[in-house]
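1. Attaching a predicted model along with its sequence, questions to come.
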Amino acid sequence: MGVRFPSPALLNMSLTIKENKGIPYDLLDNAGVIVIYLNVNENIVFCNKRTEKLTGLKHGDILGANWLKVLFHNNSSIIKQDMFKAVLDECMRHNREKDFEGIILDNEGNKRLISWNFTPVRGENNQAGGALLIGHDITKIREAGNSAKSIDETLKDILSSLKDYALYVINLQCNITYFGMGSEIMLGWKREDIIFKHASILHNCGEAGDNLDLILEQVRLSGKFEKETVLLTKTGEAIPVILTVNKFLGSGGKHSGYIFVAKDITERKKLEYQAFQAEKLAALGLLSAGMAHEINNPLLVISGRSSLLMKEKLSRKVKNDLDLINSQAERIHKLVDRILKFSQKTKLDFGPVDVNEAIEFILPFAQYSNLPNVKVEIKKNFEKDIRAVKGDLHQLQEVFLNLVINAYQSMPEGGEIKITTESTGDLFALIQIQDTGIGIPEERLKDVFMPFFSMRRDGKGLGLSICHNIIKSHNGSIELKSQVGRGSTFTIKLPFI
Amino acid sequence: MAHKVLVVDDELPVRDLLNDLLKRESYIVTVCPSGEEALELLKKDSFDVVLLDIKLPGISGLEVLKNIRDTNKGLAVIMITGFGYNEDLICKTKEFGCSGYIGKNMPVAQIITTFKQIVKGAKNEQ
């Protein structure tokens, strides 16, 4: 295969070549590509200005010179020269055009990536006449391409860094086709384990979440789904998220699936819930204080009058009844006291508190609440020399006492109370009181810190709300995890002094 | 000699009860329903003890106490309240110079015992 070009004989006239008016040499000279013509001896018989510019050699020095010496004038790499030579040999031997990319150094020592086209030239009688080398400098194009590639990589980096966001894509068959790093962290699935699985695996949360089909239906109808919902982790835990779903448009803008972006809002939900609880408790506190005052006055009259009557001469029956009135009034007084205590902002006497000592102190008192003939084992797992927390000793003792009594009372058949103290990081001490008692049903967990909540028939339901208030006033937190039939664990976090 | 007590409480049944309880203990009791009336009575008559409710319509028990202390440092003034044991209130009443504090949530016998102790303490101070 050849090209229409001046005969080698003509070209071999070298220096006079430009004077041939039949060939558009000016055009070649000014072409934006490197044009080199070699004779059968592989010497350059023609080159355009671009070649001079690239090599830094003068026209006169190039013409007649060996092509490799010219092209590798600035770089004597034998290996690369061999590669170029091999391509030319093949081109000549097989009389076949060759395209390849090769790097040469320009006169300033910069690497130039050239896309070469070597074309054998046949002369008269189809004899080998040499080769035409056309080189297109694609350094800049490739750099632009590379930077396009690096945008791709940057995007990948960005997606990997979005650890707070689960980003995943599904195809129209609802199979997961992309599962980002954030998704792995949030949902516990490894990319390779979930890819191509049906996405309902993440959305099958029953009533708590949104059905995948309905989500997609909404995207199809209104173009977008955005809502607070829940997603399922690998372990089956439902985590609250803000989920945004859009159509995923593939190449050519074709609807090829859906893109899901979920933000984990567990912490925010927790804070919202705590704030809501605190507000509710504060309102209840105010209400209780007013109510307690209104109860105490008439109650004082009832108990006062019955005490006065007791001093009169009355039948045994009447005296018994008065006694009953008095004892019942006394019961109400005590209840009101508890309510008042709950509602009052008692002045706190903050100082360093050793939680281990505080717990040790209350344990003997708590044991009184143990029922006779019921075996309860106390296991202490205290961090030795744990740093002191900032707190009011008596109030914290009351909290620990309440919780340990609570644990005793939740185990009418006996069991084990495990008390753990440990540091979590530099900021907090963690105190856990764990029992193997009856536990609390999940739907009632949210109410345990509310006043008047009790799982026991005779319980007043104020102990835990008082604990909650005390821990809150210590800038700490108290949480309960419980399973019916397995027991409950209270976890308190208190800031170190 | 029996002590003269002024009982100030806006609720009639409570006033009456305190009257009866204290009379049984041989105190000479005068009752009145408001702080304003109490201050008037204190100007006209002399008392050994004032048993003063904190929450009163019009001027509050604490204001009455402050008023008394402006002119009479020695008079025993015992605050009584339906709010029960309240540290904030106790601190406040102490600051204003009350002689003692009784919660209406206490058992009746304890109210009387506490009352007597405070009066005794106040007298000793004098």
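-> Everything's here; your move.

2. can you pull the buried residues of stretch A:53-67?
-> Residues of stretch A:53-67 classed as buried by neighbour count (16 or more other Cβ atoms under 10 Å in any protein chain shown): A:54-55, A:57, A:62-63, A:65, A:67. Every C-beta, even on glycine, is put in place using the N, C-alpha and C of the backbone.

3. Closest one of these to residue B:103?
-> Minimum distance to residue B:103 across the buried residues of stretch A:53-67 is 102.0 Å, recorded for residue A:54 (Cβ to Cβ).

4. From residue A:35, how far out is the closest one?
-> Taking Cβ to Cβ, to the nearest Å as the measure, residue A:54 falls 11 Å from residue A:35.

5. again with residue A:433
-> Separation of residue A:433 from residue A:35 (Cβ to Cβ): 88 Å.

6. For these two, work out which one has more neighbours and name it.
-> residue A:433 (22 against 19; other Cβ atoms under 10 Å in any protein chain shown).

7. okay but that one is in contact with residue A:405, surely?
-> No. At 10.3 Å, residue A:433 and residue A:405 do not qualify as touching, with contact defined as Cβ atoms under 8 Å.

8. where do the strands sit along the stretch 301-450 of chain A?
-> For the stretch 301-450 of chain A, the strands defined by DSSP state E, counting those that start in this stretch occupy A:351-353, A:376-382, A:389-391, A:415-424, A:428-435.

9. Pull the contacting residues for residue A:197.
-> Applying Cβ atoms under 8 Å, 6 or more residues apart in numbering or on different chains to residue A:197 gives the contacts A:175-176.

10. just residue A:396 next, same as before
-> A:353, A:355, A:358, A:389, A:470, A:474, A:494.

11. Of those residues, which pair is most distant in space?
-> Farthest pair in those, by Cβ to Cβ: A:355 and A:470, 13.5 Å.

12. Need the contact partners of stretch A:227-234.
-> A:166, A:186-189, A:201-205, A:208-210, A:238-243, A:262, A:265.

13. what subset of these is also close to chain B?
-> By Cβ under 8 Å from any Cβ of the partner chain, no member of the contacts of stretch A:227-234 lies near chain B.

14. can you map out the strands along chain B?
-> B:4-8, B:28-32, B:49-53, B:76-81, B:100-103 (DSSP state E).

15. Format the contacts of residue A:396 as a markdown table; extra columns: distance to chain B.
-> Formatted as a markdown table, these follow (distance: Cβ to the nearest Cβ, whole Å):
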| residue | distance to chain B |
| --- | --- |
| A:353 | 19 |
| A:355 | 24 |
| A:358 | 21 |
| A:389 | 22 |
| A:470 | 14 |
| A:474 | 17 |
| A:494 | 22 |
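
16. Tell me which of the residues you listed has the lowest pLDDT.
-> Among the contacts of residue A:396, residue A:470 carries the weakest pLDDT, at 86.

17. residue contacts, residue A:303?
-> Applying Cβ under 8 Å, 6+ apart to residue A:303 gives the contacts A:325-326, A:329-330, A:333, B:107-108.

18. Let me see the contact set for residue 81.
-> No chain specified, so I'll use chain A. Applying Cβ under 8 Å, 6+ apart to residue A:81 gives the contacts A:68, A:72.

19. wrong chain, I was asking about chain B
-> With Cβ under 8 Å, 6+ apart, residue B:81 has these contacts: A:293, B:53-55, B:61, B:89, B:101-104.

20. Also residue A:74?
-> Neighbouring residues of residue A:74 by Cβ under 8 Å, 6+ apart: A:55-56, A:104-107, A:109.

21. same deal with residue A:84?
-> Taking Cβ under 8 Å, 6+ apart as the definition, contacts of residue A:84 comprise A:68, A:71-72, A:102.

22. Adding secondary structure, neighbour count and distance to chain B, write these out as CSV.
-> Compiled in CSV, the contacts of residue A:84 are given as follows (DSSP: H, G, I helix; E, B strand; the rest coil; neighbours: other Cβ atoms under 10 Å in any protein chain shown; distance: Cβ to the nearest Cβ, whole Å):
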residue, secondary structure, neighbour count, distance to chain B
A:68, helix, 16, 99
A:71, helix, 26, 95
A:72, coil, 18, 94
A:102, strand, 15, 89
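
23. Tabulate those residues in a markdown table, adding columns for pLDDT.
-> Conversion of the contacts of residue A:84 to a markdown table gives the following (pLDDT from 0 to 100):
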| residue | pLDDT |
| --- | --- |
| A:68 | 90 |
| A:71 | 89 |
| A:72 | 87 |
| A:102 | 85 |
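
24. List just the nearest of those residues to residue A:364.
-> Distances from residue A:364 to the contacts of residue A:84, taken by Cβ to Cβ, are shortest for residue A:102, at 89.1 Å.
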